[in-house]
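Undergrad: Have a look at this prediction, sequence included:
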Amino acid sequence: TLATDVARDAAKRTAILPASLPAAEPARGRAFVTAFGRRAFRRALTSAEVDAFSALYAGGPQLLGATDSLAAGVEIVVRAMLQSPDFVYRVEVPSTVSDGKAWLSDYELASRLSYTLWNTMPSDQLLDAAGAGELGADMAYHLEACRHILQHLGLVRAQRRHGAAALRTTVGVWRGMHDL
C-alpha cells in the first residue's frame, strides 16, 4: 500500500515528517499526527483526534508486528487518515450562522481557494494563514487569492510547453473570480 511504501522508505518518510520531530515518544507521535493530520484533513485536528491518532501511532508496532516504532506508527496513522472521510471529502461545517448565512472557517476558505486555483490541497503557507485566522477578513482572503494567481502566472511563464493550456486555465479562473 501507499502507506507501507512511504513509511518503510526513509527518504519518503522524511518528506512527510515535521521538520522539528522530537526524538522521544510520545511527543514524536503527537508531533507527526498533528503535522500530517493538518495536511491530510486540510485543517487543525481537534484534541480528541490528536489523542485518538496518537494512540493508534503508539500501537503501530504491535498492530503491524514491526520493530521500527517510527515506521510502524507512521504507516498505521497514514493508513487510517487516508481512509477517513475528513481526507476523502472536503467537509464544510459552517463555523457560525448569522442572518441566515453560514460562514466558513478559515481552513474551509483555504481549501476552497486552493482547490479553485490549483485543484489540490492547500499549501503549508495557506494553512498557516488559515490557522492564524488571517483569511476570515474579506481583504485578506482576496489578497491570498491574488498571491496564488500571481504565483500561478509565474508558473505559466516557466512552463513554456504547457503555456497555452495553463493560460486558458488562468483566464478561466480570472473570469470566475467573482464566484469565490
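TA: Cool, the structure landed.

Undergrad: residue closest to the middle of this structure?
TA: Closest residue to the average C-alpha location of the chain: residue 39 at 2.5 Å, with CA atoms, centre = their mean.

Undergrad: Make sure it is indeed in a helix.
TA: Yes: counting by DSSP: H, G, I helix; E, B strand; the rest coil, residue 39 is part of a helix.

Undergrad: wouldn't it be in contact with residue 126 here?
TA: No: with contact defined as CB atoms under 8 Å, residue 39 does not count as touching residue 126 (11.1 Å). To be clear about C-beta, it is placed using only N, CA and C from the backbone, and glycine gets the same treatment.

Undergrad: Let's see the pLDDT reported for the residue of the chain positioned farthest from its centre.
TA: Within the chain, residue 99 marks the point farthest from the mean C-alpha position, 30.8 Å out by CA atoms, centre = their mean. Looking at residue 99, its pLDDT reads 83.

Undergrad: and the gap between residue 106 and residue 42?
TA: 11 Å (CB to CB, to the nearest Å).

Undergrad: Which of the three states applies to residue 97?
TA: For residue 97, the secondary-structure state derived from three-state DSSP is strand.

Undergrad: contacting residues for it?
TA: Under the criterion of CB atoms under 8 Å, 6 or more residues apart in numbering, the neighbours of residue 97 are residue 103.

Undergrad: all strands in this protein, in order from the N-terminus.
TA: For the chain, strands defined by DSSP state E occupy the ranges 96-98, 101-103.

Undergrad: and the spatially closest residue to residue 18 that is not a sequence neighbour, what pLDDT?
TA: Spatially, and ignoring its direct neighbours in sequence, residue 18 is nearest to residue 35 (3.9 Å; CB to CB, 6 or more residues apart in numbering). pLDDT recorded at residue 35 is 96.

Undergrad: try the one 4 residues further on
TA: We note a pLDDT of 95 for residue 39 in this prediction.

Undergrad: now do residue 11
TA: pLDDT, residue 11: 94.

Undergrad: Residue 75 now?
TA: At residue 75, pLDDT is 96.

Undergrad: ok, now residue 44?
TA: Listed pLDDT for residue 44 reads 94.

Undergrad: So it sits against residue 107, correct?
TA: Yes: checked against CB under 8 Å, the pair residue 44 and residue 107 is within contact range at 7.0 Å.
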